[in-house]
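A.B. asks: Sharing a sequence plus its predicted fold:
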Amino acid sequence: MKKDEILIYLLVGLIVIFLISLGYFTWQKRNVKTVAANTSAVVKPIDILPEVGKTTKYDVPVLMYHYVRIAPEGDTLGKNLSVTPQNFVDQMAWLKQNNYATIKVSDLADPNKKEISKIIAENKKPIAVTFDDGYEDAYIAAYPALQKEGFIGTFYIIRDFIGRPGYMNQNQINELDFIGNEIGSHTLSHLDLSKNSEEVQQKQIEDSKQSAMSFCYPSGKYNETTVNLVKEAGYTTAVTTKSGIVNQDSNLLELKRVRVNDGNAESLRLAIEKAYSNGN
Ligand SMILES: [Zn+2]
């Protein structure tokens, strides 16, 4: 072979190697692109968003209301337990404006803290709104005001008083339940449990339970036996009349609340603020 021929063969060989390499790299590049395209098609942005984490630290004011009405003249005790319908409307509007969102009292016992975590993830503040005794005005006045703000409440019913004058009937209670409110138990007949035998307490606590998960001690009176019976009956939460703000360390069967007296939105703000100074 002549020198020229060798050079030509070498040159052709180099060109062939170059072309093969070029082809290989182009193919590989396109392949990577395809893989990337497939990946982005499978993993949508929504899939890679982190799940809402469980909140381990929180404050939840549990507001305590009784009557939402204009109290009759001369009824001092009744007046102390009443908030006028207009003030209640204003108080709920204030909660909404101030970024509060409502939970059921029994949501406090959820091991995953789902509702509380959801609210906190939305940069809102969880709160529970409770009504003791099952008065008819809870249905007539409180319920529409709650609905207006997209809120729910927890209603503690005295089972033997259902349908009596001034108290909600079963249909009204069923409607509150159906709409997403919580129906809790406030015993059969509102006895002072701390002054009654274990047998009497047990009947009041168990026979009034039905499907309720939350319990409310009548007049805030109870003893150690009461708490044990409430637990044994299967309630996950129980509210007292003690003042304070619930948090992650609170005893779920002795929950403190914020007593709300009649007054405007500012008085509600002050009531919550005051309860903070009483611990959890
Ligand atoms: Zn009561």
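C.D. replies: Happy to help now that I have it.

A.B. asks: Give me the contact status of the longest strand belonging to the chain with the ion.
C.D. replies: The single longest strand within the chain, with elements called by DSSP state E, is strand 125-133. Yes: legend: contact between strand 125-133 and the ion by Cβ under 5 Å from the ion is shown at 132-133. For the C-beta atoms, the positions are set from N, CA and C on the backbone; glycine is no exception.

A.B. asks: Now do the same for whichever helix or strand comes after that strand: mean pLDDT, whole number.
C.D. replies: Tracing the chain past strand 125-133, the next element assigned as helix or strand by DSSP states H and E is helix 136-137. Helix 136-137 carries an average pLDDT of 98.

A.B. asks: who touches helix 136-137?
C.D. replies: Helix 136-137 is touched from outside by 67-69, 85, 166-168, 172, with contacts defined as Cβ atoms under 8 Å, 6 or more residues apart in numbering.

A.B. asks: give me that answer again for 6 Å
C.D. replies: 67-69, 166-168 (Cβ atoms under 6 Å, 6 or more residues apart in numbering).

A.B. asks: any chance of those in JSON lines, with secondary structure, distance to the ion and pLDDT too?
C.D. replies: JSON lines is the format used below for the contacts of helix 136-137 (DSSP: H, G, I helix; E, B strand; the rest coil; distance: Cβ to the ion, whole Å; pLDDT from 0 to 100):
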{"residue": "Y67", "secondary structure": "strand", "distance to the ion": "11", "pLDDT": "97"}
{"residue": "V68", "secondary structure": "strand", "distance to the ion": "15", "pLDDT": "98"}
{"residue": "R69", "secondary structure": "coil", "distance to the ion": "15", "pLDDT": "96"}
{"residue": "G166", "secondary structure": "coil", "distance to the ion": "13", "pLDDT": "97"}
{"residue": "Y167", "secondary structure": "strand", "distance to the ion": "12", "pLDDT": "98"}
{"residue": "M168", "secondary structure": "coil", "distance to the ion": "14", "pLDDT": "98"}
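
A.B. asks: Can you turn the buried part of those residues into a PyMOL selection?
C.D. replies: A single PyMOL command selects the buried members of those (16 or more other Cβ atoms under 10 Å):
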select buried, resi 67+68+69+167+168
